[in-house]
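Peer 1: Provided below for reference: sequence and predicted model.
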Amino acid sequence: MSDKLKNAKIIFVVGGPGSGKGTQCEKVVAKYGYTHLSSGDLLRAEVASGSERGKQLSAIMQKGELVPLDTVLDMIKEAMIAKADVSKGYLIDGYPREVKQGEEFEKKIGAPSLLLYIDAKSETMVKRLMKRGETSGRADDNEETIKKRLDLYYKATEPVIAFYQGRGIVRKIDSEGSVDDVFSNVAKAIDSLK
Ligand SMILES: Nc1ncnc2c1ncn2[C@@H]1O[C@H](COP(=O)(O)OP(=O)(O)OP(=O)(O)O)[C@@H](O)[C@H]1O
Ligand SMILES: Nc1ncnc2c1ncn2[C@H]1C[C@H](O)[C@@H](COP(=O)(O)O)O1
Ligand SMILES: [Mg+2]
């Protein structure tokens, strides 16, 4: 465990592709001033840098697969440490994607106090992602990759929710409503931490 992060307030934000994780995290940042770290955003920044590692990551992400655990965990840890002196709490968006990622995070960084489970129907997620794909420029916002990302979510990531349900820290948020309606429930879950 890292000393700089030993008292950090950590919230995992988990949900299917296009469920609205990033959208809700932005609203949490605006209201609570927490630090938002999206594993996908960190990986896309590495791809955009043009590095050799970025090229390898890009190929994996275009196929809708998961990148190696150590790569993503190192990136998150580094980004958390960079904000440790000013952060009021961290929203870890898109991580853990599989139970093993949660276990390794806890060994190397610390334990989460809340897991926000952003839940939407698969039809809703596909619709939102196809719409986002019109302007996002994301190489994985296309029909074929969206299907693979969804399949992987149900197979690898849903067990993460069951794992943390056993600890009593999961708050399930219905993400079918408007952005503001969803946020009112996200805010209640965060307020319950205080
Ligand atoms: N409650 C909502 N109602 C309608 N549209 C929404 C809602 N929440 C998010 N969206 C839209 O759906 C799309 C996906 O949202 P967002 O990027 O927040 O999802 P995500 O869970 O972070 O996805 P990914 O896992 O692919 O990063 C965006 O275009 C966003 O504007
Ligand atoms: N936590 C992660 N582990 C492995 N791979 C990841 C993780 N977070 C993101 N990725 C890769 C694979 C995803 O399909 C893409 C996009 O992520 P997103 O959360 O949808 O922005 O990045
Ligand atoms: Mg996102």
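Peer 2: On my side now, so go ahead. Ligands and ions are numbered 1, 2, ... in the order given.
Peer 1: Remind me which helix or strand residue 44 belongs to.
Peer 2: Per DSSP states H and E: residue 44 is located in helix 39-48.
Peer 1: List the buried residues of that helix.
Peer 2: Neighbour-count burial for helix 39-48 flags 39-44, 46-47 (criterion: 16 or more other CB atoms under 10 Å). (C-beta placed from N, C-alpha, C; glycine too.)
Peer 1: Now flag whichever of those is closest to residue 108.
Peer 2: The closest of these to residue 108 turns out to be residue 39 (CB to CB; 14.3 Å).
Peer 1: residues touching that closest one, list them.
Peer 2: Residues in contact with residue 39, defined by CB atoms under 8 Å, 6 or more residues apart in numbering, are 72, 75-76, 92-95, 97.
Peer 1: so of those residues, which ones are in helices?
Peer 2: Among these, DSSP state H puts 72, 75-76 in helices.
Peer 1: returning to that earlier point: ok, which of the contacts of residue 39 also contact ligand 1?
Peer 2: Subset of the contacts of residue 39 in contact with ligand 1: residue 94, counting by CB under 6 Å from any ligand atom.
Peer 1: In TSV, list the contacts of residue 39 along with pLDDT and distance to residue 58.
Peer 2: Output for the contacts of residue 39, formatted as TSV (pLDDT from 0 to 100; distance: CB to CB, whole Å):
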residue	pLDDT	distance to residue 58
72	98	14
75	98	15
76	98	19
92	98	22
93	99	20
94	98	17
95	98	19
97	98	17
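Peer 1: Could you find the closest non-adjacent residue to the closest residue to ligand 2 within the chain?
Peer 2: For the chain and ligand 2, the shortest gap (CB to the nearest ligand atom) falls at residue 40, measuring 1.9 Å. Nearest residue to residue 40, sequence neighbours excluded (CB to CB, 6 or more residues apart in numbering): residue 94, at 4.9 Å.
Peer 1: who touches the one you found in this structure?
Peer 2: Counting by CB under 8 Å, 6+ apart, residue 94 has contacts 13-14, 21, 38-40.
Peer 1: Closest to residue 193 out of those?
Peer 2: Residue 193 has its nearest neighbour among these in residue 13, at 13.7 Å by CB to CB.
Peer 1: Against residue 85, how distant is the closest one?
Peer 2: The gap separating residue 13 from residue 85 is 23 Å, by CB to CB, to the nearest Å.
Peer 1: who's more crowded, those two?
Peer 2: A count of neighbours by other CB atoms under 10 Å puts residue 13 above the other of residue 13 and residue 85, at 27 against 7.
Peer 1: Look at the more buried one and tell me its secondary structure.
Peer 2: Counting by DSSP: H, G, I helix; E, B strand; the rest coil, the backbone at residue 13 sits in strand.
Peer 1: so who does it touch?
Peer 2: By CB under 8 Å, 6+ apart, the residues touching residue 13 are 21, 24-25, 91-94, 115-116, 118.
Peer 1: Mind pulling up the pLDDT for it?
Peer 2: With respect to pLDDT, residue 13 scores 99.
Peer 1: got it, and residue 194?
Peer 2: Looking at residue 194, its pLDDT reads 76.
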